[in-house]
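Peer 1: Generate a structure from the sequence data that follows.
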Amino acid sequence: MKITCLMENTIGNINCQSEHGLSLLVETKDRNFLVDTGASALFLENADKLGVDLRKIETVFLSHGHYDHGGGILAFSGINSTAKIVMQRSALGNYWHKSEHVEKYIGLDPAIKELDNLILAEGDFEFCKDGLKCNFNTENSEGVYVFTLNKGSKKELKCWSEGNLVLKEKVGTEYVQDCFNHEQYIVVKENGKSILISGCAHNGILNILEEYQRKFDGNPDMIISGFHMRKKEGYSQTDFGVIRETAKILKDTGIVCYTGHCTGEEPYQIMKEIMGNQLQYVRCGDSSEIK
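Peer 2: Numbers count the residues shown, from 1 in each chain. You can find the predicted model right below:
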């Protein structure tokens, strides 16, 4: 398995350009797919610079319904109209960044609803060659699975980022707290390895990991995810507590973690001090072989 970062906030390959967004290319022995498409068409240029032919992509999984992960979907569909675009139905919601100083729409372009190749899921599924299979066997040694953290599985959320508090869903004329039921998490199992991929882990990576453990009876070998700890206005002691506690628990699991995008450089450095080589930053243009 090979995973290449086509878009991230920072540059790892000097031939690439960066933006606030995320896009990952996943290549297995018999499948090529994307997780997210960045904030714009820029990831297409990066793919070209890296020698990646996006016309061969079979599927795009959207991790959640924010523009910095799905802003490139329409541009991608312009060069590849056959690849399936798979997202939770709730990802088409009316999502906003709403605070004292900012009121900004951060959802997807409504034109995405008109794509012929769009598949709207509702909850967990296995992605098979012939489509979505809702009842999957997690004991299978290979496959691509998607799971969610629905309201029924949310008990007491651990280390939930307070940065989420400015993220809202507009319902009628009211702004309500986003509950992030539009997030979905991709699990790739191949050659005895299991990789858990998330976009921003708004629900908290520890809660997502706990749900993975419940569904797959164990830990993944690797996590690739933003941890949504980045804050522009500075960090409180509560924030630092969440960052350190998350790092300590992840370290104890022994899972190798790759992060970037919404994690933020300062939180990353704090986590890196705790986790050491168990935590790596993935930048635009970086690529990893998983054997």
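Peer 1: And for residue 90, the neighbour number?
Peer 2: Residues near residue 90, counting by other Cβ atoms under 10 Å, number 21. C-beta here means a position set from N, CA and C on the backbone, and glycine is covered the same way.
Peer 1: Which residues are in contact with it?
Peer 2: Residue 90 makes contacts with 65, 181-182, as judged by Cβ atoms under 8 Å, 6 or more residues apart in numbering.
Peer 1: swap the cut-off to 7 Å and go again
Peer 2: 181-182 (Cβ atoms under 7 Å, 6 or more residues apart in numbering).
Peer 1: any idea how far residue 81 is from it?
Peer 2: 25 Å (Cβ to Cβ, to the nearest Å).
Peer 1: ok, which stretches of the stretch 1-150 of the chain are helices?
Peer 2: 42-49, 67-70, 73-79 (DSSP state H, counting those that start in this stretch).
Peer 1: buried stuff in the first one?
Peer 2: It refers to helix 42-49. By 16 or more other Cβ atoms under 10 Å, the buried positions in helix 42-49 come out as 42-44, 46-47.
Peer 1: got it, and stretch 187-198?
Peer 2: So, applying 16+ other Cβ under 10 Å, buried residues of stretch 187-198: 187-190, 194-198.
Peer 1: Over to stretch 97-108?
Peer 2: Those would be 98, 106-108, for stretch 97-108 by 16+ other Cβ under 10 Å.
Peer 1: quick one: average pLDDT of the top helix by length along the chain?
Peer 2: Identified as the longest helix of the chain according to DSSP state H is helix 237-253. Helix 237-253 shows a mean pLDDT of 96.
Peer 1: With only the CA atoms kept, save that helix in PDB.
Peer 2: Backbone C-alpha positions of helix 237-253 (Å, rounded to 0.1, in the frame of the first residue of the first chain) are rendered in PDB as follows:
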ATOM      1  CA  GLN A 237      -4.500  25.600  29.500                       C
ATOM      2  CA  THR A 238      -7.500  23.400  28.700                       C
ATOM      3  CA  ASP A 239      -6.300  23.200  25.100                       C
ATOM      4  CA  PHE A 240      -2.800  22.200  26.200                       C
ATOM      5  CA  GLY A 241      -4.300  19.600  28.500                       C
ATOM      6  CA  VAL A 242      -6.300  18.100  25.600                       C
ATOM      7  CA  ILE A 243      -3.200  18.000  23.400                       C
ATOM      8  CA  ARG A 244      -1.000  16.300  26.000                       C
ATOM      9  CA  GLU A 245      -3.600  13.800  27.100                       C
ATOM     10  CA  THR A 246      -4.300  12.800  23.500                       C
ATOM     11  CA  ALA A 247      -0.600  12.300  22.900                       C
ATOM     12  CA  LYS A 248      -0.100  10.200  26.000                       C
ATOM     13  CA  ILE A 249      -3.000   7.900  25.300                       C
ATOM     14  CA  LEU A 250      -2.000   7.500  21.600                       C
ATOM     15  CA  LYS A 251       1.600   6.700  22.700                       C
ATOM     16  CA  ASP A 252       0.400   4.000  25.000                       C
ATOM     17  CA  THR A 253      -1.500   2.300  22.200                       C
END
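Peer 1: Could you please name the strands the very next helix or strand once past that helix pairs with and the direction of each pair?
Peer 2: Using DSSP states H and E, the helix or strand that directly follows helix 237-253 along the chain is strand 256-259. Applying DSSP bridges to the sheet, strand 256-259 is found paired with strand 222-224 (parallel), strand 279-281 (parallel).
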